[in-house]
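> got a predicted model here, sequence first, then my questions.
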Amino acid sequence: SAPAAAIAQDVWRTPDGKPAAESPSRKAVNDFGVSLLVTADDWQSKWNTPSSTVPMFNAAARVKTGGTLSILTFVANPKPAPSSNELKVVSHIRVLRPDGSSSVDAPNLPCLRGTLQGPATNTRLCEAVIAFRADPGDQRGTWKVEVTVTDVNRSIAVPVEATFSVEGD
């Protein structure tokens with residue numbers, strides 16, 4: 001078995017139910033989990049299914065000119081406010097070009113809000129989804145996505161990151 005520090009605090013699980021290892025794109029702090037996924041999948045059709053269906057997404061490492069990727073942030077175990085059961089989770093999304101300049105720098109985006117529905121440990125998709133299209137003028141090379149998700153009710157921020165490469169035709 002993996003050392004305890006390498007497990008994402010038992011928040012994230014593999015499809016067979018085992019604790020998932022922590023990685024740059026999947027972390028947990030004090031039982032608040034954040035997972036970042038870059039995918040070329042039609043994520044909406046996979047996500048919008050009955051809660052009994054577990055959607056399986058494919059990570060994308062590259063995109064060609066004209067192609068699109070979706071940047072999805074998932075959260076598990078947000079803490080509702082004690083008095084109102086309201087969630088207050090925000091995210092800061094940055095997308096950096098290969099030269100380090102910002103393509104997207106969006107702080108304080110709503111991630112989860114409203115009353116907690118269902119078990120807190122259910123995986124939830126943040127409201128802020130970034131659609132990336134590789135245009136002909138975009139820099140070729142490795143792009144970096146940095147997302148920091150803050151559970152305001154817990155005063156905990158969890159940073160995650162992922163990369164993908166933009167390639168020519």
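That came through fine.
> spatially central residue for this structure, please.
Note on the chain: the residue nearest the mean C-alpha position is Thr73, at 2.0 Å, using C-alpha atoms, centre = their mean.
> check contacts around that one.
Residues near Thr73 by C-beta atoms under 8 Å, 6 or more residues apart in numbering: 34-37, 91, 93, 111, 125-126, 128-129, 147, 149, 160. Quick note: C-beta positions are derived from backbone N, CA and C, even for glycine.
> mind redoing it with 7 Å?
Going by C-beta atoms under 7 Å, 6 or more residues apart in numbering, Thr73 touches 34, 36, 91, 111, 126, 128, 147, 149.
> got phi/psi on the nearest residue to it once chain neighbours are set aside?
The spatial neighbour of Thr73 that comes closest, neighbours along the chain excluded (C-beta to C-beta, 6 or more residues apart in numbering), is Cys126 at 4.1 Å. Main-chain dihedrals, Cys126, degrees, to the nearest 10: phi -60, psi 150.
> so Cys126 versus Ser52, what's the distance?
As judged by C-beta to C-beta, to the nearest Å, Cys126 and Ser52 stand 22 Å apart.
> who's more crowded, these two?
Remark: of Cys126 and Ser52, Cys126 carries more neighbours, 22 against 5, as counted by other C-beta atoms under 10 Å.
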